[in-house]
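Asker: no sequence on this one, just coordinates:
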């Protein structure tokens, strides 16, 4: 009797995500920069994908990284609220409030921060040239 695939639940979820978007394994492989045979092996639960592959599924298919990471046995992303001592949370929020909304979104997309809820960022003028993630040190 064949040994069961170790990541079958994850594989089924990856297949469901792909089919929900209507893309073939070959097209998804191109988008993820991996081989179609690897996509097939993942969907059949034969391999544990790396965190980079899971992040690619997140960006290409809109998958929930934490859900996939849990199924794959990887650590989930933690929010500031989960690892910051209560006394430090207010200071972190004040620090992040110095960044423009566009910068915070860029940082989140790069995986540098993993939350934006409840954060009232200062707005910058559209022509401020905010290409680098530098704080806005202006005082109201």
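Answerer: It's in. Since the structure is predicted, the reported quantities are computational estimates derived from the model, not experimental observations. Numbering: from 1, shown residues only.
Asker: for the chain, which helix is longest?
Answerer: In the chain, with assignment by DSSP state H, the single longest helix is helix 8-21.
Asker: which parts of that helix are buried?
Answerer: Residues 10, 11, 13, 14, 15, 17, 18 are the ones in helix 8-21 that count as buried (16 or more other C-beta atoms under 10 Å). For the C-beta atoms, the positions are set from N, CA and C on the backbone; glycine is no exception.
Asker: thought the fifth one was touching residue 43?
Answerer: Yes. Taking C-beta atoms under 8 Å as the definition, residue 15 is a contact partner of residue 43 at 4.3 Å.
Asker: follow-up on the earlier one: tilt between the helix or strand just after the longest helix of the chain and helix 8-21?
Answerer: Proceeding N to C from helix 8-21, the next assigned helix or strand is helix 25-32, under DSSP states H and E. Relative orientation of helix 25-32 and helix 8-21, computed by axes from the mean of the first three to the mean of the last three C-alpha atoms, to 10 degrees: 90 degrees.
Asker: buried sites along the next helix-or-strand element following helix 25-32?
Answerer: Note on helix 25-32: by DSSP H and E, the next helix or strand toward the C-terminus is helix 36-43. Using 16+ other C-beta under 10 Å as the test for burial, helix 36-43 gives 38, 39, 41, 42, 43.
Asker: likewise stretch 51-68?
Answerer: In stretch 51-68, counting by 16+ other C-beta under 10 Å, buried: 53, 54, 55, 56, 57, 58, 60, 61, 63, 65, 66, 68.
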